[in-house]
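Undergrad: what follows is a predicted protein model with its sequence.
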Amino acid sequence: MSKSTESAPNRLATPFEGRRVRAAVIGTGAIARGSHVPALARLAEEGETEIVAAVDIAEDAVRKFCVEAGIPHAYTDLDRMLEEQRPDLVAICTPPTLHRDQTVAALRAGAWVWCEKPPVLTLADFDAVEAQEGKDGGPYAAIVFQHRFGSGSRHVRRLIAERTMGRPLVAHCQTTWYRNAEYYAVPWRGRWETEGGGPAMGHGIHQMDLLLDLMGPWSEVRAMAGRLVHDVETEDVSTALVRFESGALATIVNSVLSPDEVSRIRIDCERATVELTHLYGHSNDNWRITPAPDVSGEDVAAWRDFGTDVPSSHLEQLRELVASMRAGERPRSSGADGRTSLELITALYKSAFTDTTVRAGEVGPGDPFYTTLHGGAPGWAPPAASTSESASTGESASTVSQEVSA
């Protein structure tokens, strides 16, 4: 446990009117370089943000990162950075095992948080983070679910919510990607203790989150999982059947065994089918709407009018997050809204490993899957870690890693 996590008091959220939002980046790997820093830099050009610091355990790496990005302060200690720089916003780009402690440390220092997926390793961790958020106006912790943001998802969300295409009835959610043995040679990947789960948790979470954002609350899930190719603790493929509160039914497939990589969501409504096909991000052209035979041309034209193309991206989510900060409002993909995909993934694992149907709200304190996603299930729970192994992976909130990518 870090010094900040143990003792730093909550300070009141600062008003941001009339000044830039001071941001810090934790972790200097691929996702920080390729997505977070460019988004923050773009908003800096617009007078919204400034990047004041970066943190990484590797001193040479963080210094080089700061020089390349024009960031004034480089740190190897998170607590020291929080104390000296007092950032308004912290972007967390580290491996999943560090997310809980680092998020709590930032919240307790008064900073809002924008954390890469998966947000934390378990529902217990998520609830612990939420307990540290501000109660009135922030700070809040948001999860990076950038596929929700952009013109395409915004347009389809409205169409489904307004029922202009009729009720959603059948859906399919697919994240079929390919990862080889070299990918899993990174020590923290494929392990429950450090990654939290397999492709359902680390890859498919984006499409599942978007599906839930479009379709609304789910009610029950029945799933299967397999470890078919890779020498890992977690699964490398899973399938699930999901029923929504609306009565709609969906299938979900998450895989890292699929050479023909694709991310896909298909929703069949009463009057039209909506389909999104892409890989790591989407624009208006990635969406397709196919009407039922009796739909008027006027309706079809309205449905297919997505407006100005704004691709899904970290930038679009960051724009909305900064606007929420300035308004003192809870941002999307935080709190209960951010928890929903993690709850579905937890239920998926419980269903697959116990051969049962799991209902929404079922997994809570006292359930073994609340504190670890393998739930102690035979054949899936790893052997008890040795003392030396625990010491090597049980890093504090001050510890960060460079190696973060999709």
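TA: Received the coordinates, thanks.

Undergrad: residue contacts, the spatially closest residue to Arg167 that is not a sequence neighbour?
TA: Computed as C-beta to C-beta, 6 or more residues apart in numbering, the closest residue to Arg167 that is not its neighbour in sequence is Glu270, at 5.4 Å. C-beta here means a position set from N, CA and C on the backbone, and glycine is covered the same way. Counting by C-beta atoms under 8 Å, 6 or more residues apart in numbering, Glu270 makes contact with Met165, Gly166, Arg167, Leu169, Ala292.

Undergrad: take these and keep only those in strands.
TA: Leu169 (DSSP state E).

Undergrad: remind me which residues of this protein are low pLDDT?
TA: 1-14, 385-406 (pLDDT under 70).

Undergrad: got the buried residues for the lengthiest helix in it?
TA: If you go by DSSP state H, the chain has its longest helix at helix 335-354. By neighbour count with 16 or more other C-beta atoms under 10 Å, helix 335-354 contains the buried residues 335, 337-353.

Undergrad: by contact count, what packs against it?
TA: Applying 3 or more C-beta pairs under 8 Å, 6 or more residues apart in numbering; DSSP states H and E, one finds that helix 335-354 contacts helix 123-130, strand 141-143, helix 199-202, helix 205-215, strand 218-226, strand 237-244, strand 358-359, helix 368-371.

Undergrad: repeat that for 6 Å
TA: Secondary-structure packing of helix 335-354 (3 or more C-beta pairs under 6 Å, 6 or more residues apart in numbering; DSSP states H and E): helix 123-130, helix 199-202, helix 205-215, strand 218-226, strand 358-359.

Undergrad: about what we covered before: would you format the contacts of Glu270 as a markdown table with neighbour count and distance to Glu182 included?
TA: A markdown table is the format used below for the contacts of Glu270 (neighbours: other C-beta atoms under 10 Å; distance: C-beta to C-beta, whole Å):
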| residue | neighbour count | distance to Glu182 |
| --- | --- | --- |
| Met165 | 23 | 44 |
| Gly166 | 14 | 46 |
| Arg167 | 12 | 45 |
| Leu169 | 16 | 42 |
| Ala292 | 15 | 47 |
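
Undergrad: how about the contacts of Glu270, which pair is most distant?
TA: The distance between the two most remote of those (C-beta to C-beta) is 12.7 Å, for Arg167 and Ala292.

Undergrad: measure stretch 108-126 end to end?
TA: Terminal residues of stretch 108-126 are spaced 15 Å apart (C-alpha to C-alpha, to the nearest Å).

Undergrad: quick one: it to chain centroid distance?
TA: Centroid separation for stretch 108-126 versus its chain: 10 Å, with C-alpha atoms, centre = their mean, to the nearest Å.

Undergrad: now that stretch: buried residues?
TA: 108-126.

Undergrad: picking up where we left off before, just give me the closest of the contacts of Glu270 to Ala39.
TA: Distances from Ala39 to the contacts of Glu270, taken by C-beta to C-beta, are shortest for Met165, at 32.1 Å.

Undergrad: re the thing from before, pick the one among the contacts of Glu270 closest to Pro368.
TA: Closest to Pro368, out of all of the contacts of Glu270 and judged by C-beta to C-beta, is Leu169, at 34.8 Å.

Undergrad: any idea how far that closest one is from Cys93?
TA: 39 Å (C-beta to C-beta, to the nearest Å).

Undergrad: buried stuff in the particular helix or strand that has Ile160 in it?
TA: Per DSSP states H and E, Ile160 falls inside helix 151-162. Within helix 151-162, the residues that count as buried by 16+ other C-beta under 10 Å are Ser151, Gly152, Ser153, Arg154, His155, Val156, Leu159, Ile160.

Undergrad: can you give me the angle that helix makes with helix 205-215?
TA: In terms of direction (axes from the mean of the first three to the mean of the last three C-alpha atoms, to 10 degrees), helix 151-162 departs from helix 205-215 by 40 degrees.

Undergrad: what residues does helix 151-162 touch?
TA: Helix 151-162 has contacts (C-beta atoms under 6 Å, 6 or more residues apart in numbering) with Met165, Pro168, Leu214, Val274, His282, Asn284, Trp287, Phe306, Gly307, Asp309, Val310.

Undergrad: show only the entries of the buried residues of stretch 108-126 found in helices.
TA: Counted as lying in helices by DSSP H, out of the buried residues of stretch 108-126, are Arg108, Leu123, Ala124, Asp125, Phe126.

Undergrad: what is the most widely separated pair among those residues?
TA: Based on C-beta to C-beta, the longest span within those runs between Arg108 and Leu123 and measures 20.8 Å.

Undergrad: thought Ile252 was touching Ala240?
TA: Yes - contact status for Ile252 versus Ala240: in contact at 4.3 Å, counting by C-beta atoms under 6 Å.

Undergrad: okay, which residue of this structure is out on the far edge from center?
TA: The centre of the chain is farthest from one residue, Asp294, which by C-alpha atoms, centre = their mean lies 39.2 Å away.

Undergrad: any idea how far that one is from Val274?
TA: With C-beta to C-beta as the criterion, Asp294 and Val274 are 17 Å apart.

Undergrad: now do the phi/psi pair for Ala74.
TA: phi -110, psi 140 (degrees, to the nearest 10).

Undergrad: repeat that for Pro259.
TA: Reported as degrees, to the nearest 10, the phi and psi values for Pro259 are phi -60, psi -40.

Undergrad: residues near it, how many?
TA: Counted with other C-beta atoms under 10 Å, the neighbours of Pro259 add up to 7.

Undergrad: test my guess that it contacts Trp177.
TA: No - look at Pro259 against Trp177 with C-beta under 6 Å: they stay out of range, at 9.5 Å.

Undergrad: now do the strands in the protein.
TA: According to DSSP E, the strands that the chain contains are 21-26, 49-55, 73-75, 89-92, 112-115, 141-143, 168-178, 218-226, 237-244, 249-255, 257-269, 272-278, 287-291, 358-359.

Undergrad: would you mind putting those into JSON lines with distance to Ala327 alongside?
TA: Below are the strands of the chain laid out as JSON lines (distance: least, C-beta to C-beta, whole Å):
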{"stretch": "strand 21-26", "distance to Ala327": "12"}
{"stretch": "strand 49-55", "distance to Ala327": "16"}
{"stretch": "strand 73-75", "distance to Ala327": "28"}
{"stretch": "strand 89-92", "distance to Ala327": "14"}
{"stretch": "strand 112-115", "distance to Ala327": "12"}
{"stretch": "strand 141-143", "distance to Ala327": "14"}
{"stretch": "strand 168-178", "distance to Ala327": "31"}
{"stretch": "strand 218-226", "distance to Ala327": "29"}
{"stretch": "strand 237-244", "distance to Ala327": "30"}
{"stretch": "strand 249-255", "distance to Ala327": "33"}
{"stretch": "strand 257-269", "distance to Ala327": "30"}
{"stretch": "strand 272-278", "distance to Ala327": "29"}
{"stretch": "strand 287-291", "distance to Ala327": "29"}
{"stretch": "strand 358-359", "distance to Ala327": "35"}
